[in-house]
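Peer 1: Predicted model follows, preceded by the sequence.
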Amino acid sequence: MNRENKRKQYDRHYYRHNPCNEAFTCKNCGRLCVPEGAGSDHRNHCPNCLTSLHLDIEPGDREADCGGQMEPIAVWVRKGGEWAIVHRCRVCGWISSNRVAADDNPMKLMSIAMKPLTNPPFPLEKIEEMTENMGYAGSLR
């Protein structure tokens, strides 16, 4: 084992300050994920299905014992306009946020962003009735 591999193994915060140059196979879709094309030094989710693994408590510390799959549940826009993916662990429910990578699947990102609009918490047919009950004209035409 060379010196760099020993540092990765024993330094808890190694990936916080060093690039992650390792390829991995996505546990969700099976696709090979390579660090090239991510647009940053830290590839932390699959560019195809956007799924991640619950490895960190703080970014790069590798201290999470769970190891569950982190499914993408939402996107949000950070200050300055940068998009981020909100992940939730399927095993323990931990929620975290990761930057969108340059090569992430744009259709998957948009489908996550549109989900609340396509699946509102009320029936769309009731919008006219609801606006009328709130004292508005109630007409959508």
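Peer 2: Arrived safely, thanks for sending. Numbers count the residues shown, from 1 in each chain.
Peer 1: Who are the packing partners of the strand ranked longest in the chain?
Peer 2: Criterion DSSP state E: the longest strand present in the chain is strand 69-77. With contacts taken as 3 or more CB pairs under 8 Å, 6 or more residues apart in numbering; DSSP states H and E, strand 69-77 sits against strand 52-53, strand 83-89, strand 95-99, helix 106-118. Every C-beta, even on glycine, is put in place using the N, C-alpha and C of the backbone.
Peer 1: If we use 6 Å, what do you get?
Peer 2: If you count contacts as 3 or more CB pairs under 6 Å, 6 or more residues apart in numbering; DSSP states H and E, strand 69-77 packs onto strand 83-89, helix 106-118.
Peer 1: Can I get the ones you listed in CSV including mean pLDDT and distance to residue 55?
Peer 2: Output for the helices and strands packed on strand 69-77, formatted as CSV (pLDDT from 0 to 100; distance: least, CB to CB, whole Å):
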stretch, mean pLDDT, distance to residue 55
strand 83-89, 95, 10
helix 106-118, 93, 21
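Peer 1: Tell me which of the ones you listed sits most buried.
Peer 2: Across the helices and strands packed on strand 69-77, averaging neighbours per residue (mean count of other CB atoms under 10 Å) puts strand 83-89 on top, at a mean of 19.
Peer 1: What pairs with that strand, parallel or antiparallel?
Peer 2: Note on strand 83-89: by DSSP bridges, its sheet partners are strand 69-77 (antiparallel), strand 95-99 (antiparallel).
Peer 1: looking at these, which has the lowest confidence?
Peer 2: Lowest mean pLDDT within the strands paired with strand 83-89: strand 95-99, a mean of 91.
Peer 1: Spit out the contact partners of the residue nearest the centre of the chain.
Peer 2: Centroid-nearest residue in the chain: residue 85, 3.3 Å away (criterion: CA atoms, centre = their mean). With contact taken as CB atoms under 6 Å, 6 or more residues apart in numbering, residue 85 is in contact with 50, 72, 75, 98.
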